[in-house]
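In: Build me a model:
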Amino acid sequence: EAGMGLQRRPRQRRALAALRGARRGGRGGRAGHGVRATGAAAVAACAGAAAVAFLCYYATLLPGLDLGDSASFQTGVGSLTLTPRQAYPLYYGLGNLFVWLHPGEPARALNFASAVYGAVAVGLATRLASRLVESVLAGAAAGLFLAFSYSFCSQATTAEVYTLHLVIVGASLLALVSWA
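Out: A predicted model of the protein is given here:
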């Protein structure tokens, strides 16, 4: 036992080999749980989670005007003029596209835009989680947990800026993970 401090014990060598295998995507560690997060399975999980979220958001979409900030967003959209009160130029610019493409009441078009942004955010969150934990199943679960969390679901069915914000944050984080 005197010289064992410099040498690794067999159990420690096996643990290190398992850890190295998990980092490379081999068996052992967390990489063995679920389906690997590459290729068609990952894209299908992202699209599936986003589609399920969108269908639920669309079914529960607010049909018209809401109260508070949402009403301010809904009445200000459709105009090419931005005032200081409209502090979200990207939201209003993209909202104008939805108003022009979605005939009918502008308030419903902006609510529809939030549902689309929410579904895209769920797809991005699914992909990000599956990349981080290297499991499509875990990524899909994380995306669906986000989709049906009370706070996010309530923001995705009415005109609010939070879903678009999460799309931007999710895309930025996914780009960062892809770059790293």
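In: Tell me the confidence at the residue nearest to L174 when sequence neighbours are not counted?
Out: Once its chain neighbours are removed from consideration, L174 has its nearest residue in L128; the separation is 5.1 Å (CB to CB, 6 or more residues apart in numbering). C-beta coordinates here come from the backbone N, C-alpha and C atoms, glycine included. Reported pLDDT at L128 in the predicted model: 95.
In: L128 against S172, yeah?
Out: No. L128 sits out of contact with S172 when judged by CB atoms under 8 Å, with a separation of 10.1 Å.
In: Between those two, which is the more surrounded one?
Out: Set side by side, L128 and S172 give different neighbour counts by other CB atoms under 10 Å, the larger being at L128 (22 against 11).
In: Who are the packing partners of the helix or strand containing the more buried one?
Out: Secondary structure assignment for L128, by DSSP states H and E: helix 106-133. Under the contact criterion of 3 or more CB pairs under 8 Å, 6 or more residues apart in numbering; DSSP states H and E, the helices and strands touching helix 106-133 comprise helix 39-59, helix 69-76, helix 89-101, helix 136-147, helix 150-156, helix 162-179.
In: angle of it against helix 39-59?
Out: Going by axes from the mean of the first three to the mean of the last three CA atoms, to 10 degrees, helix 106-133 is angled at 150 degrees with respect to helix 39-59.
In: quick one: buried residues of helix 106-133?
Out: Across helix 106-133, burial judged by 16 or more other CB atoms under 10 Å covers 106-131, 133.
In: still on that earlier bit, list the contacts for the residue nearest to L174?
Out: Contacts were defined as CB atoms under 8 Å, 6 or more residues apart in numbering; by that measure L128 touches G139, G170, L173, L174, V177.
In: got the contact list for the one residue sitting closest to the centre of the chain?
Out: Note on the chain: the residue nearest the mean C-alpha position is A125, at 2.8 Å, using CA atoms, centre = their mean. With CB under 8 Å, 6+ apart as the criterion, the residues that contact A125 are A142, G143, L146, L166, G170.
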